[in-house]
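Visitor: Sharing a model that was predicted from the sequence below.
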Amino acid sequence: MNWSIARKFTLESVPLLVGVALGNVFFVVIFVWAMQAMGPPLLEFMTSVEFLKDMLEMAYGISLEGSVSSNTLYAISYLHPVVLSLSWGYLIASASKFTVGEIERGTADILLALPVHRATVLASGTVVWMIGAVVISFCTLAGI
């Protein structure tokens, strides 16, 4: 791993990471607040409609038979489509920025002409990408 290349990739991905992290925390806070306010009546309605009950069980892998606690409703925020789309959007954008972004800006020749192996460039980008993924994964927990 090359620290200079990792620093370059980090500086390029930090604004997107901050935006996604704040959006993720904000959405989860709003979602948990909504589940506290109207979670039990909503869950009662969804369990009374067989189609919605089946869809919830398939989408989130939870069983709605018997008593369902509020913690179950909060856990849905980990697999909510908004959280997943924010997370995957960051991961795809940051991973493609390391390769396609360099070609688009015309700096790929300079980057790949450095006296480092291409595997080192890839490893540096992958480490930055993985650290961003860890930060985003903890944002949902921080929102709860």
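Guide: Arrived safely. Numbers count the residues shown, from 1 in each chain.
Visitor: Is the residue of the chain most remote from its centre in a helix, a strand, or coil?
Guide: Note on the chain: the largest separation between a C-alpha and the mean C-alpha position, by C-alpha atoms, centre = their mean, falls on Pro115 (34.1 Å). Taking DSSP: H, G, I helix; E, B strand; the rest coil as the rule, one finds Pro115 in the coil state.
Visitor: Need phi/psi at it.
Guide: According to degrees, to the nearest 10, the main-chain angles of Pro115 amount to phi -80, psi 50.
Visitor: So for it, what pLDDT did the model give?
Guide: Reading off the confidence values, Pro115 has pLDDT 81.
Visitor: Equivalent analysis for Val127, please.
Guide: 91.
Visitor: element containing it, please.
Guide: Under DSSP states H and E, the secondary-structure element containing Val127 is helix 118-143.
Visitor: on contacts alone, who are the packing partners of that helix?
Guide: Using 3 or more C-beta pairs under 8 Å, 6 or more residues apart in numbering; DSSP states H and E, the elements in contact with helix 118-143 are helix 3-48, helix 81-96, helix 108-112. Every C-beta, even on glycine, is put in place using the N, C-alpha and C of the backbone.
Visitor: Other residues contacting the last one?
Guide: Spelled out, that is helix 108-112. For helix 108-112, contacts defined as C-beta atoms under 8 Å, 6 or more residues apart in numbering pick out Ile5, Thr99, Glu102, Arg118, Val121.
Visitor: give me that answer again for 10 Å
Guide: Contact with helix 108-112 is made by Ile5, Lys8, Phe98, Thr99, Val100, Gly101, Glu102, Ile103, Arg105, Arg118, Val121, as judged by C-beta atoms under 10 Å, 6 or more residues apart in numbering.
Visitor: shaky segments in the chain?
Guide: Low-confidence segments of the chain, defined by pLDDT under 70: 66-68, 107, 109.
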